[in-house]
Structure formats: C-alpha cells, structure tokens
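Enquirer: sequence and predicted structure below; questions after.
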Amino acid sequence: MSAGCSSCASSHTSPVTDKTYRRILWFALISNGGMFLVELVAGAIGQSLSLAADAMDFFSDAANYAITLVVLGMPLVIRSRAALFKGICMGLVGLYVFYTSIDHIINDTVPRADVMGIIGFLALLVNVVVAILLFKFRTGDANMESIWICSRNDAIGNIAVMAAGAGVWASTTGWPDIIVGLGIAGLGFWGAIQIIGKARHELRDAQK
C-alpha cells in the first residue's frame, strides 16, 4: 500500500497543487464512483464475494479521491491526518469482506462466472487507465502515496476477480470466489497498514 519522502512533499508545492493532478483525481473519482455502482449491482446479481469486495474497494477509493481533492495544497499535517483516516477506512472495508465471506461459506454460494469475468475485465480497464495517469504522482506524502497504492491494488484485485471467475467456471464451486475475495481484503489490510504507518510517522515529525 512503501517508501516515500515526506520532506519532498513539504518543500515542493507543485505536486499537490498541479492542475493536471487535480483533473486526474476528478476523473478517478467519477470513474471509481461509477464502477462502485456497477460492481455492487453485478455482485448481487452474480452472488460474487470478490465482486462485492471490489465494489467496496471502489467506494473506498472514490472517498479517497474526494478527500484528497479537499486537502490538496493544505499543510502536510492536514494531508497526513486525511491519509490516516483513509487508511482506517481501508481496514474497515477489509473487515466487511471477511464478515461477508462467512455467509458465503456457510451457504455454499456458487457465483456466476460469466458476470465475474465481464465485470472484472471492465473494472480492470478503468483501474489500469487511472493507475497509468497516477504513476507520475506515485511518490510524495502519505496522502499522495495512498492514492497510488489504492489504484495499484485495484488493478491487481481486478485480475484476481477474473481469475476467480475462471476458477468458478472450471470447478463449479464458490471457493475460488471466496479465496479471491479474502485476498482482496488482505491486500486492503496490507495497504491500510502502510498508509497508517507513514501518516503516523509524518504526524510525529510535524509535532517535533
């Protein structure tokens, strides 16, 4: 979710006030919000845990982009607090997926592989475009790094959803979907730990 140079963010203001970066964030916000709705409906129709997990991830990312747009250009301590809040939210999304997985295991749910494959591919296209656009801005303070990490994790998660769809089709069981859903949750937890750790480090430095 990672090394970075917080001093770079505090000594050079151009990355956080760059108009191109703002436009990219607006595009990411709109596209992620749209994909949240698409995957939420598709996850319900296809009874897929991995799609539901990815939908929650899209929602978390949309909120991430919205918060970042608000705090861009503000002092580092405010941006770090925003990153800390986003890291906590990512962890909560992971907990939700873990909770949902229990229901799928108990009811032996078998999702629709075709829905998983199609929606997973669409989500991958969206996240790859966003990740490419954000690659230039992948380093900096915890807030900027959290944006890049979310986009990177999403692309990885989408590939996993497509693989899970293939696994469900081949095995006629829901276990590939459950495993991938839990994997997405685990990736979110790992990312949350990285973001929270860097944000806390920046806040400690700001208090010195």
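Expert: Alright, I've got the coordinates. Quantities reported herein were computed from a predicted structural model and do not represent experimental measurements. Numbering: from 1, shown residues only.
Enquirer: who's in contact with the residue nearest to the spatial centre of the chain?
Expert: Relative to the mean C-alpha position of the chain, the nearest C-alpha, by CA atoms, centre = their mean, is the one of Cys150, at 3.7 Å. Shown in contact with Cys150 (CB atoms under 8 Å, 6 or more residues apart in numbering): 1, 57, 60-61, 64, 90, 191. For every residue, glycine as well, the C-beta is placed using N, CA and C.
Enquirer: any idea how far it lies from Val126?
Expert: Per CB to CB, to the nearest Å, Cys150 is found 13 Å from Val126.
Enquirer: what's the answer for Leu203, then?
Expert: With distances taken as CB to CB, Leu203 is found 32 Å from Val126.
Enquirer: more neighbours: which of the two?
Expert: Val126 (21 against 16; other CB atoms under 10 Å).
Enquirer: surely the more buried one and Gly33 touch.
Expert: No - taking contacts as CB atoms under 8 Å, Val126 lies outside contact range of Gly33: 10.9 Å.
Enquirer: export stretch 105-122 as CSV, just CAs?
Expert: Extracted C-alpha coordinates of stretch 105-122, given in CSV (Å, rounded to 0.1, in the frame of the first residue of the first chain):
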residue,chain,number,x,y,z
ILE,A,105,-19.0,-20.3,3.2
ILE,A,106,-22.0,-21.3,5.4
ASN,A,107,-24.4,-21.1,2.4
ASP,A,108,-22.0,-22.7,-0.1
THR,A,109,-22.7,-19.9,-2.6
VAL,A,110,-21.7,-20.6,-6.2
PRO,A,111,-21.4,-17.2,-8.1
ARG,A,112,-22.0,-16.6,-11.8
ALA,A,113,-18.6,-17.0,-13.5
ASP,A,114,-19.7,-15.0,-16.6
VAL,A,115,-20.7,-12.0,-14.6
MET,A,116,-17.4,-12.1,-12.7
GLY,A,117,-15.3,-12.3,-15.8
ILE,A,118,-17.1,-9.5,-17.7
ILE,A,119,-17.3,-7.0,-14.8
GLY,A,120,-13.8,-7.9,-13.7
PHE,A,121,-12.4,-7.0,-17.1
LEU,A,122,-14.4,-3.7,-17.2
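Enquirer: fine, thanks again, bye for now.
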